[in-house]
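# below: sequence and its predicted model.
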Amino acid sequence: MADASPSPPPKTMRAWQYSSTSGGLEKNLKINPSAALPKLKPNQHLVRISAMALNPVDYKPAQIPGVARLAVGLPATPGIDFCGRLITPAKDSPLKAGQMVFGCAGNNPVAGGALGEYAVAGLQAVAALPEGMEVVDAATVGVAGTTAYQSIVPRVKAGDRVFVNGGSGGVGVFSVQFAKTMGCYVVATCGTGNVEFVKGLGVDRVVDYRTENVVEVLKGLREKEGGFDHAVDNVGTNEELVLGCHEFMKKEASYVIVGGEPTLQGLKDILKRKLLPGFLGGVKGKVEGFFPAHKTEDFEKMAEWMTQGKVKAVIDSRFKYEEAVKAFEKLKTGRARGKIVVDEPNSRLLLLKQGVIMAKGDPLGCGGCDSGSEHLNKDKCREMNENMILEERAKFKEAQQSYGRQYDEPLTRLVNAVRANDEEAKAAAKKDFGELSDEMRKFVYDHNAQERLRVYILCSSRESF
């Protein structure tokens, strides 16, 4: 999926940014309509974001007092996981401008910039989006997929017994699926409400941490079936589980901690594990910390499994770009089942799915065809629509030089009619707006870009509301 001549990036972009995390990062997030594009290094790609997904790392470290200002730099744009179109490939990259790619964005592991219209990504931090893989699914892979993959896949073999603490969260849903794909016997924990969901991911034994003592259950399983060959802790806050891991793990088997809380208590727990000997209350098993590294080949393998149907993306909820604050609020509840996705601001595909506009020539209802005749596959449809959006945004910039606010009144009435779903007002507003000349309608003034773009597509495509 490559566009031979992708539109050049603008000098500024829309981006969600925060200049403080006092009271919570989400309470300080604001859209900057003219944020500068990130500076591109030779070993980095420039991508235009189509969709992104949130992770706890997007807010937890930044909320530690002093970290945001000293380690991140302010103002900052959060977000790491993404899928988007490659605008400028990194030096020596085999990828081409116009290709759809996915992976991890940014120069900073805390504020990657994926909640902006454009972001940078390292040479090894992306892979090409394969045919058959949906943009929104690819956007969920990034941090969560890499963490799950690298903490399990290179460390296990078919027939191994694997324990996953936290099998229903963003990382956990990948962890259990990767372990099953590798041919392992998998035991995972989750809360009561997610038991059936986690079973549906293929887990062999689900432990409900709300009604069962996890350590005792695991000890019992060891006595009956044998100890575990590998364990991954996606939660990292249950010290009883960590300190008692030797009671259910095989000798020399690793208990890998990938989750945890960046708090004073969390730091005390880490020091206790590292410094205290076992007979004084320290760890008796083989406990390891973990931090993932970007590898293109890992992204490619995960994408292969997903297109083969061996692994699926699990999306808890999906938010519009303007609802990024609500997305963070949902993330911070700690109750997301899978990933939380935020759509790119002017995605025509999103407008189609919201029922705001209708596609031409779309007999199979994929929400993407513009051919007017034969049906194209979803990936091709998406490529055409992404290209159209880029072209229309360029036209809006030109419109700023050609026309002024004299068209705001009929446009505003039309937008309000659409929002209110008032059929009578829609008809009247559409008639008024339709009386403008084709040239005037073509160059709608770019003020409040998303709404203007929505109206432009509605009218210029000659589609009904």
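In hand now; what should we look at? Numbering: from 1, shown residues only.

# for residue 212, give its distance to residue 195.
Noted for residue 212: a distance of 10 Å to residue 195, by CB to CB, to the nearest Å. Just so you know, the C-beta spots here come from the backbone N, C-alpha and C atoms, and that holds for glycine as well.

# those two: who's more crowded?
For residue 212 versus residue 195, the count of surrounding residues by other CB atoms under 10 Å is larger for residue 195: 19 against 14.

# just confirm the more buried one contacts residue 207, I think it does.
No - checked against CB atoms under 8 Å, the pair residue 195 and residue 207 is beyond contact range at 9.0 Å.

# what do those two both touch?
Here residue 195 and residue 207 share no contacting residue, scored by CB atoms under 8 Å, 6 or more residues apart in numbering.

# show me where the stretch 1-150 of the chain has its strands.
For the stretch 1-150 of the chain, the strands defined by DSSP state E, counting those that start in this stretch cover 12-17, 30-36, 44-53, 81-88, 100-104, 118-122, 126-128.

# any chance of these in JSON lines, plus mean pLDDT, distance to residue 239 and mean neighbour count?
Putting the strands of the stretch 1-150 of the chain into JSON lines (pLDDT from 0 to 100; distance: least, CB to CB, whole Å; neighbours: other CB atoms under 10 Å) gives the following:
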{"stretch": "strand 12-17", "mean pLDDT": "93", "distance to residue 239": "35", "mean neighbour count": "22"}
{"stretch": "strand 30-36", "mean pLDDT": "92", "distance to residue 239": "38", "mean neighbour count": "14"}
{"stretch": "strand 44-53", "mean pLDDT": "95", "distance to residue 239": "30", "mean neighbour count": "27"}
{"stretch": "strand 81-88", "mean pLDDT": "94", "distance to residue 239": "29", "mean neighbour count": "27"}
{"stretch": "strand 100-104", "mean pLDDT": "97", "distance to residue 239": "30", "mean neighbour count": "27"}
{"stretch": "strand 118-122", "mean pLDDT": "96", "distance to residue 239": "35", "mean neighbour count": "25"}
{"stretch": "strand 126-128", "mean pLDDT": "98", "distance to residue 239": "37", "mean neighbour count": "24"}
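
# quick one: contacts for the residue nearest to residue 338 when sequence neighbours are not counted?
Using CB to CB, 6 or more residues apart in numbering and skipping the chain neighbours, the partner closest in space to residue 338 is residue 314 (3.1 Å). Under the criterion of CB under 8 Å, 6+ apart, the neighbours of residue 314 are 140, 173, 201, 337, 338, 339.

# which of those fall in helices?
Among those, the members falling in helices (DSSP state H) are residue 173.

# per-domain residue ranges of this structure.
Here the domain assignment for the chain is 12-141+313-345, 145-289, 356-460, based on automatic domain parsing.

# deepest in the core, which of those is it.
domain 12-141+313-345 (a mean of 21; mean count of other CB atoms under 10 Å).

# would you agree residue 133 is in contact with residue 309?
No - with contact defined as CB under 8 Å, residue 133 does not count as touching residue 309 (11.1 Å).

# just to revisit the earlier point, got TSV for the contacts of residue 314, with pLDDT too?
Formatted as TSV, the contacts of residue 314 follow (pLDDT from 0 to 100):
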residue	pLDDT
140	97
173	97
201	97
337	93
338	93
339	96
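
# so what's residue 53 closest to, chain neighbours aside?
Spatial nearest neighbour of residue 53, chain neighbours left out: residue 81 (4.1 Å); criterion: CB to CB, 6+ apart.

# from what I see, the one you found and residue 139 are in contact.
Yes - applying CB under 8 Å, one finds residue 81 in contact with residue 139, separated by 5.9 Å.

# joint contacts of those two?
With CB under 8 Å, 6+ apart as the test, residue 81 and residue 139 both reach 52, 53.

# one step back: tell me who's in contact with the residue nearest to residue 53.
Residues 52-55, 104-105, 114, 139-144, 339 are the ones in contact with residue 81 under the rule CB under 8 Å, 6+ apart.

# so, low pLDDT: which residues of the stretch 251-400 of the chain?
Scanning the stretch 251-400 of the chain for pLDDT under 70 picks out the ranges 259-283, 345-400.

# if anything else comes up later, I'll come back, but that's it for now.
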